[in-house]
Every structure is written in C-alpha cells, then in structure tokens.
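Asker: Sequence first, then the predicted structure:
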Amino acid sequence: MSILHTVNKSPFDRNSLESCVRLAAKGGAVLMIEDGVYGAMKGTTASDMVTNAMKDLTFYVLGPDLKARGVDEGKLIDGVKVVDYNGFVTLTVENDKVQSWL
Amino acid sequence: MKLSIQVNEGPYNHEASVSALNYTKAALEAGHEIFRVFFYHDGVNNGTRYTTPPQDDINIANTWSELAEKHGLDLVVCVAAAQRRGIVDEGEQQRNGKDGNNIAAGFRISGLGQLIEAGIQSDRLVVFGD
C-alpha cells in the first residue's frame, strides 16, 4: 500500500517536511505544495534530508506553486519531479491514501 | 474515481482554499466524481455570498458556487463552525432568530457526520488547510 503525502509548509518555517520524511513508509510519494515547494530547492539546509530520503520515497513539487514564488525549475534538487494540478490528481489516484501534513 | 475534499481555511487567511479549488477543477476535468467538498473550521468562510472582493481579485466563494452549479457539487459547511463565524442559511436564521442569511448558492449547512460519510463513501479524501 502506498501513501501520497502532501506538505504545504516551508521546511524553514515548520518541521512538517522533516516529520513526513521521518515517518513516511518506503514506496510512498511526497508532494510539496504551497510554501512546501521551498523544500524542493537545492543547496539549502533541507536539501540533504530530501536527497537522502529519495532511496525510499519519490518527491514531487507543484509547478504552479513554484511559479507563484518565482522559483525556477533549474533550482530544484535533482530527481524532484514537477507536476501540475492534473499530476496532483493523478498522484492521489495512483496512491491508496492521501495524508496531508498540515 | 470518487473523491472528497476537506477545506479547513478561509479564502483570506490561507492559500488552502485556492489550492482546493484548483484541485477540484483538475479532478473534474480528469473525469473524476467529487462526492463532496466539506468546509470545516475557518473554511466555512468560503460559503458566504456577501464577499465582495475587488473586481481584479478572484472571487473564491463565487467560483465554488459556479462549479457547484455546473457540476452538481455537494458543498457542505460544518454547522458548529458556521454558527461561530456567522455563516447562516434559512434554517439557521429561523432557529437562531437572526435577521438574515448569507449562505452562498450551492452550499448547505450540515454536521460533521457528512465529513465522516464522505471519508467512508469516497475512494480518497484530500485535506487542504494550514
């Protein structure tokens, strides 16, 4: 069984991305939305946490929320996949459950 | 697939309402059924027809109403959260002796059981909040 985790907080504001990564089971997907997209940027103090978790989890980031914040896709951690809202819907369908880390 | 959506924040205190709206639109476009959208906590503020944002602003309450009309959405506002925040329909107006009501088209006021039912009846429940 796979779970889609959504994270909508910046890792520099709250610890929800850290909690999610620590507790999510292997094979899960993590989608960063709203201010959560800052967690997808490379070269930050949170980047290593995401990179290290990639062996167990697949990371996605919501493109429109990146664009709203002026974050260029070239600034993302290698391996983080950009999806639009259609991709968000597809992820909820492909995984068995959705857990929002609010 | 049958999807339900929970919205916990108001249109002017968090991005969650807009995210939920965008998600709902995308799900409908992809051909999924939206079983219910449940508005909880400050999310009930999505359901007043008296919001009058500037014309170049997105009118979130109106957009929900338009979507509801077009796709027959069931937009449910939590009654206890609504009472606290002054979101009133005709029934609540009479029951509480208020001089008017403000519920937006397509919304209805009901209880938490509607959220539980949405969780049971739907394949997925997606929560947007703070």
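Answerer: Looks like it came in fine.
Asker: List the buried residues in stretch A:92-102.
Answerer: For stretch A:92-102, the neighbour count (16 or more other Cβ atoms under 10 Å in any protein chain shown) marks A:92-93, A:95, A:98-102 as buried. Backbone N, C-alpha and C define where each C-beta goes, glycine included.
Asker: Those: which ones sit near chain B?
Answerer: A:92-93, A:98, A:100, A:102 (Cβ under 8 Å from any Cβ of the partner chain).
Asker: pLDDT on the top helix by length along chain A, on average?
Answerer: In chain A, taking DSSP state H as the definition, the longest helix is helix A:85-94. Regarding helix A:85-94, the rounded mean pLDDT is 98.
Asker: again with stretch B:91-111
Answerer: 98.
Asker: closest point of chain B to chain A, which residue?
Answerer: Going by Cβ to the nearest Cβ, chain A is nearest to B:Ala26 of chain B, at 3.7 Å.
Asker: next one: phi and psi at that residue?
Answerer: Main-chain torsions, B:Ala26, degrees, to the nearest 10: phi -60, psi -40.
Asker: what about the nearest residue to it once chain neighbours are set aside, how many residues close to it?
Answerer: Spatial nearest neighbour of B:Ala26, chain neighbours left out: A:Tyr85 (3.7 Å); criterion: Cβ to Cβ, 6 or more residues apart in numbering or on different chains. Using other Cβ atoms under 10 Å in any protein chain shown, the number of residues around A:Tyr85 comes to 22.
Asker: same deal with A:Asn52?
Answerer: A:Asn52 is flanked by 10 other residues according to other Cβ under 10 Å.
Asker: State the pLDDT value of it.
Answerer: Predicted confidence (pLDDT) for A:Asn52: 98.
Asker: Assign it to helix, strand or coil.
Answerer: The three-state assignment at A:Asn52 reads helix, by DSSP: H, G, I helix; E, B strand; the rest coil.
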